[in-house]
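[1] Coordinates for the following, if possible.
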Amino acid sequence: MKDSKQIQCLSLALIGLLSLPIAISGTFPLVSLADQDEPPRQGAPAPDFTLPDLTGKQFTLSLLRGKVVFLNFWAIYCAPCRWELSSMEAIYNEYRDKDFEMLAVNVDDGSVERVKKWAKRYNLTFPILKDGEELPVSEAYRTNSIPTTLIIDKNGMIAEIVRGAREWDKEDVRSMLDSLLNEPVSGEKATAPSIPCKTC
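    Numbers count the residues shown, from 1 in each chain. Here you go, the predicted model:
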């Protein structure tokens, strides 16, 4: 899977540098992905998962309900992934004290220590999670190319899917996040199957 993702990653480099704007249209419906053959789409419940960060702390997506979640899939070998890290850090620092969380799921097959070195090199402070050996979360979210980013609203719904790298430190991104942050949390919890965690 890594070799194919490397090829797809490189093919997205030029597209990522063009940084196509994200469409902003307020609230979106939710979709369940783990129990469907279809790829993820706007308006679906985001599958729940639990993954460890680089220190071993566990993050469970469903426990972040009430927050807007920026979920990014990336790898060290992917140049477009590395290119967008600094703008991701800028957005994280701007929104981290609001109802916002950023989770960057690393899909490298290398060691945690290697990822830690990269995080230190780029001065990254947002949570970096390590996918399991068989990449169960990446597979469930159908990340056939990286980077892939999903914006999940306060109710656990997929609001946006962005394939390829982009400059995140932009006003259109802030407008989208601000709009989602202003949305209320519904009383009904979004239901989506959980992804088994083999590393927890």
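
[2] Show me the shaky parts of the protein.
    Low-confidence segments of the chain (pLDDT under 70): 1-39, 187-200.

[3] run the last query once more with 50
    The model of the chain has pLDDT under 50 over residues 2, 7, 10-34, 36, 189-200.

[4] Nearest spatial neighbour of Thr148, chain-adjacent residues omitted?
    Phe73 (4.7 Å; C-beta to C-beta, 6 or more residues apart in numbering). Using the backbone N, CA and C atoms, a C-beta is placed for each residue, glycine as well.

[5] Is that neighbour part of a helix or strand, or is it coil?
    strand (DSSP: H, G, I helix; E, B strand; the rest coil).

[6] Relative to Leu181, how far out is it?
    Distance of Phe73 to Leu181, computed by C-beta to C-beta, to the nearest Å: 23 Å.

[7] the more surrounded of those two?
    A direct count of neighbours by other C-beta atoms under 10 Å for Phe73 and Leu181 places Phe73 higher, at 26 against 15.

[8] about what we covered before: the residue nearest to Thr148 against Ile146, yeah?
    Yes. With contact taken as C-beta atoms under 8 Å, Phe73 and Ile146 are classed as touching, separated by 5.3 Å.

[9] Mind listing the shared neighbours of the two?
    Residues touching both Phe73 and Ile146 by C-beta atoms under 8 Å, 6 or more residues apart in numbering: Val107.

[10] For Thr125, grab the count of nearby residues.
    When counting by other C-beta under 10 Å, one arrives at 12 neighbours for Thr125.

[11] Backbone dihedrals for it, please?
    phi -120, psi -10 (degrees, to the nearest 10).

[12] quick one: the strands in the protein?
    50-52, 58-60, 68-74, 100-106, 128-130, 148-152, 158-163 (DSSP state E).

[13] ok, residues contacting the biggest helix by length in the chain?
    Longest helix in the chain, counting residues (DSSP state H): helix 79-95. Outside helix 79-95, the residues that touch it by C-beta under 8 Å, 6+ apart are 9-10, 12-13, 16-17, 68, 70, 72, 74-76, 102, 104, 122-126, 146-147, 164-170, 173-174, 177, 181.

[14] Would you map the helices across this structure?
    Remark: helices assigned in the chain by DSSP H are 2-11, 13-18, 79-95, 112-121, 136-140, 171-181.

[15] which helices and strands does the fourth one pack with?
    So that's helix 112-121. Packed against helix 112-121 by the contact rule (3 or more C-beta pairs under 8 Å, 6 or more residues apart in numbering; DSSP states H and E) you find strand 128-130.

[16] hey, what's the residue sitting nearest the centre point of the chain bridged with?
    What sits nearest the mean C-alpha location of the chain, by C-alpha atoms, centre = their mean, is Leu71, with 1.7 Å. Per DSSP bridges, residues listed as beta-bridge partners of Leu71: Leu103, Leu150.

[17] if I look at it, how far off is Glu113?
    Counting by C-beta to C-beta - Leu71 and Glu113 are separated by 24 Å.

[18] cool, Ile161 as well?
    Ile161 is 31 Å from Glu113, by C-beta to C-beta.

[19] Much appreciated, bye for now.
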